[in-house]
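K.L.:
mind folding the following:
(2 chains)
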Amino acid sequence: MKFILQLAIKNLTRYKRRTAITAIAIAMGLMMYILVDSILVGAELESMRNLRWYETASLRIHHELYWEDRNFLPLETAIDNPQEVLALVKNAGLAATARTSFLSDMILYSEDFGEDGNLSVMVTAIDAKTDFDVYGFENTLIAGRFLEPGEMDGLVLGSWFAEDIGAEVGFWVTLLTRGKGGFYEAFDMEIVGIVNCSNPNVNRSLVMMDIQAADLYLGMEGSVTSIDILLAEKADVEKAQKALQASLDEQNLPFSVHTWKDLARDYIALVEAKQGGTGMILFLVFIIAAVGVSNTMLMAMYERMRELGMMRALGMKDRDILFAFLLEAGGIGFIGAIAGILLGSLVNIYIVNVGFDFGFMFRDMDIGFRIASVMRGAWRASTMLIAFFAGIGLSMLVAYVPVRRALKLDIPTCLHHQ
Amino acid sequence: MIKIEKVSRNYKTGETVVRALKSVSMNIEPGEFLSIAGPSGSGKTTLLNLIGCIDSIDAGEIYIQDKAISTMNKEEKTKFRRNNLGFIFQTYNLIPVLSAYENVSFVLSLLDVQPDEIRKRTYEVLKEVGLEGMEDRRPHKLSGGQQQRIAIARALVKNPQIILADEPTANLDSKTGEEILKLMKRMNEKYKTTFIFSTHDQMVMDYASRLIQLHDGAIVSDERRR
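P.N.:
All right, here's what the predicted structure looks like:
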């Protein structure tokens, strides 16, 4: 055992060039793995945060009949007693705000927009006093101002949406919609602000007005379509959902609590689908590294065929020879893995703190991530561990095949190998 | 000690079957200094490989200390080589990353000899072959003759009953070759180790106590020299 270990270490240090080339191939592969994984994990984490901050909050309470028809944003199945629910939530120490979402036609006029037109939009009516407690729009304003509480004709738009329709602060539009009970209602609104946040979906589609105005125009009579709740960053949303649902059930309130994961089911499905693709990318990175390593190991193996033949002739067991070569390969893998993790970590410092600006691309292309411009990486200990063990394992694996093949040759063939 | 009975060995090269050994028989006694000579392709290396249990017999049998080698499985052959045989190769086949000392001592570590004993025996045998003071040198820092001395020390260190040497002087100049032969002869006389070597070098044949000539896989002469 001591001899095998000694031989492996000596071969590692003796064949410096081979060790270095192979270790560099492994290091490069692992560095790529760490970086790709970091960007994808970072994008996923940031997307989830942006979903919670700008789209879904952490939890949302709806009337229990609302959920089934949620895609149509029905007003009939609203929460009639939001103050009671808000009090219950706030008593639990959570930040909450009421919102009403509805579908509407937005009519544009040639006086402001250059030509007449209309388009369908989803309008979110917010409580300007408490919305910042739950959503992160506070520092996203790029033009105009935010909504005043109780403002009857103010509208805030997402920046890309405003850009697409050519809207500016001070322009007027008409919203044509059906109120609670089905009556038609049209109301003129002035664009008072434009926001730009890090969630592209919000920038692309946000139309926001005050909840008191919506209450009046839609005949909501104090009801709202949802109570949105913010949890701490690392809170267990499922646990909080269950606790809140239990409180509501205790009060016999006909409402259901949904996590942001339920609300962003489409996104989650997309992420899961992407994970398959991500796995493929990572697999390809490994294959590239494996091909490089196996080629070097194969050459090293053939170079030392006579040495191997001699060891066998002198009575060294095949499994000991295999172990010696695997140990050597594992050593190369170890060096490559350490170098790859160090290199990957160094580059990852930049990716995590500065990131890559893909704003030029995400503006016109929806790749599913809720990231508007800068993609940043993330640190993940499990990635480093996987890289470490994969580096060693991969190296040993690709060495295994040629060594096994050489051990299957007869000894004279090994001894006379040129 | 070694009894070879009608041993044949054929090799296939594509469609062609080469009959490397044709029903060869002989007996080798303990302590012999035996040279198997013949031109290239005469079957001398094949015979050496068969005696060394690193190749397999197609027909006939070889008995070493009354044990038929064709009945041994791979593991038994490995163990047999480890315990009973020493090898000296034409190209020395030393491990380049190990020192002279380590190249010799590793054979003993395969036999699970105690570290103190390994050290003692390795230093002794290296001194015996004239490499005292060069224990820490790696093969590439030594001449061809010195490298072959390490190979001899490696073969001798475990006190095997038989040492098989495949053209041990072929890569050496005549002066160094003669020194190596003298060394092997001395070891043969001192330890009564059986040396069997293949060669086509006349000087090696002259040193042998018994000379077997092979031609086209068959024995053409078997001569006891002195």
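
K.L.:
low-confidence ranges in chain B?
P.N.:
Within chain B, the segments meeting pLDDT under 70 span B:226.

K.L.:
and the residue of it closest to chain A?
P.N.:
Chain B approaches chain A most closely through B:R82 (2.5 Å), counting by CB to the nearest CB. (Each C-beta comes from the backbone N, C-alpha and C, glycine too.)

K.L.:
tally of neighbours for that residue?
P.N.:
Neighbour count of B:R82, defined by other CB atoms under 10 Å in any protein chain shown: 18.

K.L.:
what sits against it?
P.N.:
Shown in contact with B:R82 (CB atoms under 8 Å, 6 or more residues apart in numbering or on different chains): A:314-316, B:110-111.

K.L.:
just the buried ones from the residues you listed?
P.N.:
A:314-316, B:110 (16 or more other CB atoms under 10 Å in any protein chain shown).

K.L.:
turn those residues into a markdown table, columns for secondary structure and distance to A:L394.
P.N.:
Compiled in a markdown table, the buried ones among the contacts of B:R82 are given as follows (DSSP: H, G, I helix; E, B strand; the rest coil; distance: CB to CB, whole Å):
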| residue | secondary structure | distance to A:L394 |
| --- | --- | --- |
| A:L314 | coil | 31 |
| A:G315 | coil | 32 |
| A:M316 | coil | 26 |
| B:L110 | helix | 30 |
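
K.L.:
which among the residues you listed gets closest to B:T122?
P.N.:
B:L110 (13.1 Å; CB to CB).

K.L.:
so who does the closest one touch?
P.N.:
B:L110 makes contacts with A:3, A:314-316, B:82, as judged by CB under 8 Å, 6+ apart.

K.L.:
reformat those into CSV and put distance to B:D216 next to each item.
P.N.:
Compiled in CSV, the contacts of B:L110 are given as follows (distance: CB to CB, whole Å):
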residue, distance to B:D216
A:F3, 42
A:L314, 31
A:G315, 32
A:M316, 35
B:R82, 34
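
K.L.:
how about the residues of chain B that lie near chain A?
P.N.:
For chain B, the contact set with chain A under CB under 8 Å from any CB of the partner chain comprises B:45, B:49, B:52, B:54-56, B:75, B:78-83, B:85, B:87, B:89, B:91, B:93, B:95-98, B:102, B:106-107, B:109-110, B:154.

K.L.:
just the ones in helices from these, please.
P.N.:
When DSSP state H is applied, the residues of chain B next to chain A are split such that B:45, B:49, B:75, B:78-83, B:102, B:106-107, B:109-110, B:154 fall in helices.

K.L.:
out of these, who has the most neighbours?
P.N.:
B:R154 (29 neighbours).

K.L.:
nearest residue to that residue other than its sequence neighbours?
P.N.:
Of all residues not flanking B:R154 in the chain, B:V104 sits nearest, at 4.9 Å (CB to CB, 6 or more residues apart in numbering or on different chains).

K.L.:
how about the one you found, what does it touch?
P.N.:
Contacts of B:V104 by CB under 8 Å, 6+ apart are B:122, B:125-126, B:150, B:153-154, B:157.

K.L.:
take those and write them to TSV, including secondary structure and distance to A:A289.
P.N.:
Shown next, in TSV, are these (three-state DSSP; distance: CB to CB, whole Å):
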residue	secondary structure	distance to A:A289
B:T122	helix	41
B:V125	helix	45
B:L126	helix	44
B:I150	helix	39
B:A153	helix	42
B:R154	helix	38
B:V157	coil	42
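
K.L.:
which strands or helices does the host helix or strand of A:D37 pack on?
P.N.:
Applying DSSP states H and E as the criterion places A:D37 in helix A:16-50. Counting contacts by 3 or more CB pairs under 8 Å, 6 or more residues apart in numbering or on different chains; DSSP states H and E, helix A:16-50 packs against helix A:265-303, helix A:318-353, strand A:374-375, helix A:381-408.

K.L.:
what is the neighbour count of the nearest residue to B:S109 once chain neighbours are set aside?
P.N.:
Distances taken as CB to CB, 6+ apart place A:F3 nearest to B:S109, at 4.4 Å, with adjacent residues excluded. By other CB under 10 Å, 19 other residues sit near A:F3.

K.L.:
from A:R265, how far off is A:F3?
P.N.:
60 Å (CB to CB, to the nearest Å).

K.L.:
for chain B, which helix is longest?
P.N.:
Max-length helix for chain B by DSSP H is helix B:174-191.

K.L.:
one step back: let me know the closest of the buried ones among the contacts of B:R82 to B:F197.
P.N.:
Looking across the buried ones among the contacts of B:R82 and measuring by CB to CB, the closest to B:F197 is A:L314, at 16.9 Å.

K.L.:
show the contacting residues for the nearest residue to B:F80 once chain neighbours are set aside.
P.N.:
Distance criterion CB to CB, 6+ apart; nearest residue to B:F80, sequence neighbours excluded, is B:C53 at 5.7 Å. Counting by CB under 8 Å, 6+ apart, B:C53 touches B:69, B:72, B:77, B:80-81, B:85.

K.L.:
run the last query once more with 10 Å
P.N.:
A:313, A:315, A:411, B:62, B:64, B:69-70, B:72, B:74, B:76-81, B:84-85, B:164 (CB atoms under 10 Å, 6 or more residues apart in numbering or on different chains).

K.L.:
in chain B, which residue is closest to the centre?
P.N.:
B:L164 (1.5 Å; CA atoms, centre = their mean).

K.L.:
tell me where chain B has strands.
P.N.:
In chain B, the strands defined using DSSP state E lie at B:2-13, B:16-28, B:33-37, B:59-64, B:67-68, B:85-88, B:162-166, B:194-199, B:210-215, B:218-224.
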